[in-house]
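> Give me coordinates for this.
(2 chains)
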Amino acid sequence: MTKIIAVTACPTGVAHTYMAAESLLKAAKEKNVELKVETRGAIGVENELTEQDIAAAHAVILAADTDVLEARFAGKPVVKVGVAQALKDPGGLLDQALSMQAAAPEDYLKQINQAKSERGATRKGPYKHLMTGVSAMLPLVVAGGLLIAISFIFGIEASNEEGTLAAAFMEIGGGAAFALMVPILAGFIAFSIAEKPGLAPGLVGGMLATKIGAGFIGGIAAGFLAGYLAKWLKDWIKMPRNMEGLKPILIIPLLATGITGLLMIYVIGEPVKFTMDSLTNWLNTIGSTNAVLLGLLLGAMMAFDMGGPVNKAAYTFAVGLLGSSVYGPMAAVMAAGMTPPLGLWLATLIARKKFTSEERDAGKSAAVLGISFITEGAIPFAASDPLRVIPSIMVGSATTGALSMLFGATLQAPHGGIFVLAIPNAVTQLGLYALAIAIGTLVTAVMLYILKKPVNTQLGG
Amino acid sequence: MKIIDLMHEQSVLMPLNVSSKNECINVLVNALADSGTVTDKASYQEAVINREKVSSTGIGFNVAIPHGKSAGVAKPGLAFAQLTSPLDWDSIDGKPVSIVFMIAVPEKSSGNEHLHILMALSRKLMDDDFRNQLLSARDRGELMELLGTI
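Numbers count the residues shown, from 1 in each chain, chains lettered A, B, ... in the order given. Purely as a prediction, here's the structure:
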């Protein structure tokens, strides 16, 4: 039997919503059509359509004068009318829905695949929001990272020359794409939570996370903060009827963005700055007394938050030492920054079932980003499963950092990845250095293999 | 709770002789005020009129359900009128209205129970038999018996 789904909603939510639902159900019964109706009224959402309902439906009837979260029906044929139409001509609406072309088979297959790959992601609540953000950010990481890597092909310092093609690639990848990465992550987390009203405060919170140096972890915090705040404001602010229109365009954006921004600057920003300063001081006091221990620490720090305060403290410390002609820590830091994406790439090969198809595709470009010392290539993986991915890459990076120091490798350039090797004498102990990176990559991948859960079992959990 | 718990003697008007939609709304608002349901007539009436402006509450089949949510409502309530002469209500099926249910809902709801009752009434109004019985109810007793089923 053909299945139709419908949503009814009206402004007051006490009468038409339910009358429309009832008359549609009555007409469906007469026509012997299977119909499920979600009502969105004053008492909230009842008989909510599940993903399975939507997937199984031939078409969707929206009889509503208010917002009904239409985005969830993407790809399905939709008959959209005012709520009154369902009272006036329920039979006609059903006929119209029945006569619509079902989604084209290939679209449908694509949808099923997408639904499958997102199934792990559709555990309710925070995990789903996080995945929405990561998924939106991923193309920026891949495109931005590869463009930066391309700029290195011209020589690792080539992009410093203004007006050159290398500088343009660096500007596109580093200046624009990477700058958008954390704002988009935060913006889409917030969008997933609060729909459109969440987007502006999320983007702004993410931008501030970047500016205050809080990295992607700060961006995740900003996204959740902005999203739940906007949602709460949306649900709780009551306006006099004639000013209701100001709520979505003025009141919510203003309050949510302002509050999120202030929290990011004062509540998140200050501790981040303090953390970074104290870590930097601490590293300076350790100095290079115990080289292997220092390498271990720097390595773990590089992988911990990839662009956040801990990572920056380690990187800045190593770059600072270049000025004093101490080159060992720089080598350790770069090697440790290369293993997270490399390890993830390897893990997507040896533990295919533990990654979504989207992640397996991203794994291929992660390899390129890894050899280019673009640690950000690991962020999408870390953001979507932080508690398993971050410890894994930290152990791998710490191993690499310690080995690099143990082997006495040195590096005189603060970036460039594999492209530095082309420069004579930039790296010493080249063979052992490469070995340190390879071992760290392997350790990371093995850790991921052990810790990560298969995507399918995430469904039940 | 039943639907008749939301109704009072003062707010059941049968028959009611009025000559326009506005007059009808006015009389029913006053009736709800007399029964203690509505405390601020002006604010509630404004809510009802504004709702009518969005789209007519003439749901067809000779029935209209003007309603409003307002701080001027003390407790959820329902008024009923059976009209002596059918009125034009811009109904979605174009037919004149003979039966009017007016629904009053407070701004801050004290629970969902009464909303469930009103929903049940709304759904019931889609039933042809139920509507015909409403149209042909001859007095308060018959009406209460009929509504007692919800």
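> use CA for all of it now, contacts and neighbours both
Will do.
> Name the residues of stretch B:74-86 that are buried.
The neighbour-count check on stretch B:74-86 (16 or more other C-alpha atoms under 10 Å in any protein chain shown) flags B:74-83, B:86 as buried.
> out of these, which one sits closest to B:Leu146?
B:Leu146 lies nearest to B:Phe80 out of these, by C-alpha to C-alpha, at 12.8 Å.
> surely the closest one meets B:Ala104?
No: B:Phe80 lies out of contact with B:Ala104 (C-alpha atoms under 8 Å); the separation is 11.7 Å.
> Which residues lie in contact with the residue of the stretch 1-150 of chain A found nearest chain B in this structure?
Relative to chain B, the nearest point of the stretch 1-150 of chain A is A:Met19 (5.0 Å; C-alpha to the nearest C-alpha). Contact analysis of A:Met19 by C-alpha atoms under 8 Å, 6 or more residues apart in numbering or on different chains lists A:87, B:122-123, B:125-126.
> Okay, now the unreliable bits of chain B?
Along chain B, the model assigns pLDDT under 70 to residues B:109-113.
> Close to chain A: what parts of it are there?
Chain B has residues B:59-60, B:65, B:68-69, B:92-93, B:112, B:115, B:118-119, B:122-123, B:125-126 near chain A, with proximity defined as C-alpha under 8 Å from any C-alpha of the partner chain.
> try it again with 7 Å
Counting by C-alpha under 7 Å from any C-alpha of the partner chain, the residues of chain B close to chain A are B:59, B:92-93, B:112, B:115, B:118-119, B:122-123, B:126.
> and B:Met102, what element?
B:Met102 is part of strand B:97-106 when elements are defined by DSSP states H and E.
> Okay, now the sheet partners of that strand, with direction.
Strand partners for strand B:97-106, identified by DSSP bridges, are recorded as strand B:63-64 (parallel), strand B:67-70 (parallel), strand B:77-87 (antiparallel).
> In CSV, list the C-alpha atoms belonging to the second one.
Once side chains and other backbone atoms are set aside, the C-alpha atoms of strand B:67-70 remain, and they are given as CSV (Å, rounded to 0.1, in the frame of the first residue of the first chain):
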residue,chain,number,x,y,z
HIS,B,67,-10.5,31.4,19.0
GLY,B,68,-7.8,33.4,20.7
LYS,B,69,-4.9,33.0,23.1
SER,B,70,-4.5,36.0,25.3
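> Could you pull up the contacting residues of residue 63?
Picking chain A for this. The neighbours of A:Ala63, taking C-alpha atoms under 7 Å, 6 or more residues apart in numbering or on different chains as the test, are A:7-9, A:80-83, A:86.
> ah, I was thinking of chain B
Applying C-alpha under 7 Å, 6+ apart to B:Val63 gives the contacts B:97-100.
> For chain A, which residues are neighbours of chain B?
So far as C-alpha under 7 Å from any C-alpha goes, chain A lies against chain B at A:14-15, A:18-19, A:22-23, A:43, A:87-88.
> Quick check: the two most widely separated of the residues you listed?
Within the residues of chain A next to chain B, A:Ile43 and A:Lys88 form the most distant pair, 24.2 Å apart (C-alpha to C-alpha).
> Surely A:Gly173 and A:Gly145 touch.
Yes: with contact defined as C-alpha atoms under 7 Å, A:Gly173 counts as touching A:Gly145 (6.2 Å).
> okay, the two: which has more neighbours?
A:Gly145 (29 against 25; other C-alpha atoms under 10 Å in any protein chain shown).
> Buried residues, the helix or strand containing that one. List them.
Element membership for A:Gly145, per DSSP H and E: helix A:126-153. Going by neighbour count (16+ other C-alpha under 10 Å), the buried part of helix A:126-153 is A:128-138, A:140-152.
> Kindly report the same for stretch A:356-364.
Result for stretch A:356-364 [16+ other C-alpha under 10 Å]: buried residues A:356-357, A:359-360, A:362-364.
> Tell me, how many residues neighbour A:Ile379?
When counting by other C-alpha under 10 Å, one arrives at 29 neighbours for A:Ile379.
> returning to what we had before: buried among the contacts of A:Met19? Make that a PyMOL selection.
Remark: buried members of those, expressed as a PyMOL selection using 16+ other C-alpha under 10 Å:
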select buried, (chain A and resi 87) or (chain B and resi 122+123+125+126)
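> pretty sure A:Pro414 contacts A:Gly320?
No: counting by C-alpha under 7 Å, A:Gly320 is not a contact partner of A:Pro414; they are 9.8 Å apart.
> between those two, who's got more neighbours?
The neighbour comparison of A:Pro414 against A:Gly320 (other C-alpha under 10 Å) goes to A:Pro414, with 19 against 16.
> The closest residue to that one other than its chain neighbours sits in which helix or strand?
Leaving aside its chain neighbours, A:Pro414 sits nearest to A:Val319 (6.2 Å; criterion: C-alpha to C-alpha, 6 or more residues apart in numbering or on different chains). Assigned by DSSP H and E, A:Val319 belongs to helix A:309-322.
> A:Ala222 now?
Using DSSP H and E, A:Ala222 sits in helix A:215-236.
> Let me know how buried the closest residue to A:Gly206 other than its chain neighbours is, in neighbour terms.
Nearest residue to A:Gly206 in three dimensions, chain neighbours excluded: A:Pro183, at 3.8 Å (C-alpha to C-alpha, 6+ apart). Neighbour count for A:Pro183, taken as other C-alpha under 10 Å: 30.
> just checking, what packs against the helix or strand harbouring A:Pro183?
Assigned by DSSP H and E, A:Pro183 falls within helix A:178-194. Using 3 or more C-alpha pairs under 7 Å, 6 or more residues apart in numbering or on different chains; DSSP states H and E as the contact test, the elements touching helix A:178-194 are helix A:126-153, helix A:196-211, helix A:215-236.
> Need the ones you listed in TSV (columns: mean pLDDT).
Shown next, in TSV, are those (pLDDT from 0 to 100):
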stretch	mean pLDDT
helix A:126-153	85
helix A:196-211	93
helix A:215-236	91
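> While we're on A:Ala102, how confident is the model there?
pLDDT, A:Ala102: 68.
> ignore the last one, A:Gly431
For A:Gly431, the pLDDT comes out at 91.
> mind showing which ranges of chain A have poor pLDDT?
Applying pLDDT under 70 to chain A picks out residues A:1, A:102-124, A:241, A:287-289, A:456-461.
> dump the residue contacts of residue 100.
Since no chain was named, I'll use chain A. Residues in contact with A:Met100 (C-alpha under 7 Å, 6+ apart) are A:Pro77.
> Oops, wrong one, chain B.
Counted by C-alpha under 7 Å, 6+ apart, B:Val100 has contacts B:63-65, B:80-82.
> Nearest to chain A among these?
Distance from chain A was checked for each of the contacts of B:Val100 by C-alpha to the nearest C-alpha. The minimum falls on B:Ile65, at 8.0 Å.
> Name the nearest residue to that closest one, ignoring sequence neighbours.
Distances taken as C-alpha to C-alpha, 6+ apart put B:Phe101 closest to B:Ile65, at 4.8 Å, once the chain neighbours are dropped.
> just checking, that neighbour touches B:Leu83?
No: using C-alpha under 7 Å, B:Phe101 makes no contact with B:Leu83, being 11.2 Å away.
> show me where chain B has helices.
Using DSSP state H, the helices of chain B run over residues B:21-34, B:41-54, B:113-124, B:128-136, B:140-147.
> does B:Leu83 have beta-bridge partners, and which?
Assessed by DSSP bridges, B:Leu83 has beta-bridge partners B:Leu16.
> which residues touch it?
Applying C-alpha under 7 Å, 6+ apart to B:Leu83 gives the contacts B:15-17, B:98-99.
> By neighbours, which of these wins?
In terms of neighbour count, B:Ile99 stands highest of the contacts of B:Leu83 at 25 neighbours, by other C-alpha under 10 Å.
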